[in-house]
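A.B. asks: need coordinates for the below:
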Amino acid sequence: MKKIKIALALAAFTLSSASFAQHYSSEPPKVSPMPMKPEMTEIWEPEVAVVTPGKNLGDAPSDAIVLFDGSNFNQWESAKDPSIAVPWDIIDGDYMQVKPNSGNIQTKMKFGDCQLHIEFSAPDDAKGVSQGRGNSGIFFQNRYELQVLDSYHNRTYRNGQAGAIYKDHAPLVNPIKGPLEWNKYDIVYTAPRFKENGQIDYPARITVFMNGVLVQNNATINGLTLYIGLHNYPEAHGEDVISLQDHGNTTQFRNIWIRPL
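C.D. replies: Below you'll find the model as predicted:
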């Protein structure tokens with residue numbers, strides 16, 4: 001009987017101690033987490049803007065700026081002398097063609113981050129080798145070149161062929177078509193950012209699809225395109241024109257549109 005009384009007393013003491021510890025504990029009582037509901041992770045506002053895609057693959061969507069549709073050079077000017085008419089030719093109301101030795105042309109508008117669609121073709125008569133065949137270029141912010149070249153059965157240095165960030169990054173693969181066919185670039189370009197002191201903070205980046213094939217995958221552009229020497233960012237700048245290069249070949253362009261991002 002005495003043992004039973006002692007056991008009961010110990011049990012009562014243990015319960016009392018536990019109750020005391022719980023009551024006077026410095027830790028906050030545990031709270032059951034609020035049960036999650038599907039609507040707690042749904043974002044409804046603002047509604048995503050509607051953009052109507054082009055009727056055919058490669059056509060400009062409804063929010064794009066059409067830079068060239070074959071009818072005129074209204075969105076372009078001569079890089080040498082903006083006061084004169086664009087010296088390149090428009091052929092059959094369809095495409096523009098470089099007039100060799102007339103100089104580059106550039107957009108009248110300035111751009112930074114953007115999505116660009118542009119189609120190009122080498123001269124119909126495939127003459128020349130390496131960099132001498134169908135050479136041109138697309139310069140973002142008038143500084144950073146995506147190479148245009150007839151790279152169809154035409155060996156050259158790998159960071160200078162079509163799809164290259166010229167003298168910077170070689171394309172991942174070479175999906176170029178023959179000189180009698182049209183090639184398509186679909187490009188997402190992110191402009192560089194600069195610190196208040198003018199030093200580079202975030203370099204430019206670029207993603208490029210050529211004929212539906214990825215050739216540049218969010219590649220870092222290491223700076224101003226230079227023919228000789230390492231690329232670099234010599235000065236801070238903002239939005240600027242997109243220019244097309246006259247490299248002495250009758251390279252052709254058509255269906256150019258852009259979406260500022």
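A.B. asks: where exactly do the helices run in this structure?
C.D. replies: 2-24 (DSSP state H).
A.B. asks: below-threshold pLDDT in it: ranges please.
C.D. replies: Of all residues in the chain, those with pLDDT under 70 make up the ranges 1-29.
A.B. asks: from residue 105, how far off is the closest residue to residue 108 other than its chain neighbours?
C.D. replies: Nearest-residue entry for residue 108: residue 77, 5.5 Å, with adjacent residues in sequence omitted and distances by C-beta to C-beta, 6 or more residues apart in numbering. Every C-beta, even on glycine, is put in place using the N, C-alpha and C of the backbone. Taking C-beta to C-beta, to the nearest Å as the measure, residue 77 falls 7 Å from residue 105.
A.B. asks: with residue 170 instead?
C.D. replies: Taking C-beta to C-beta, one finds residue 170 at 27 Å from residue 105.
A.B. asks: and these two? Which one has more around it.
C.D. replies: Set side by side, residue 170 and residue 105 show more neighbours around residue 105, with 26 against 19, by other C-beta atoms under 10 Å.
A.B. asks: what's the closest non-adjacent residue to residue 115?
C.D. replies: residue 259 (4.3 Å).
A.B. asks: now do the contacts for that neighbour.
C.D. replies: Taking C-beta atoms under 8 Å, 6 or more residues apart in numbering, we find residue 259 in contact with 61, 63, 64, 65, 114, 115, 116.
A.B. asks: and those as TSV, adding neighbour count and distance to residue 216?
C.D. replies: Shown next, in TSV, are these (neighbours: other C-beta atoms under 10 Å; distance: C-beta to C-beta, whole Å):
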residue	neighbour count	distance to residue 216
61	13	22
63	11	24
64	18	21
65	15	23
114	19	15
115	16	14
116	22	13
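A.B. asks: what distance do you get for the one residue sitting closest to the centre of the chain to residue 258?
C.D. replies: Residue closest to the average C-alpha location in the chain (C-alpha atoms, centre = their mean): residue 188, at 2.2 Å. Residue 188 sits at a distance of 11 Å from residue 258 (criterion: C-beta to C-beta).
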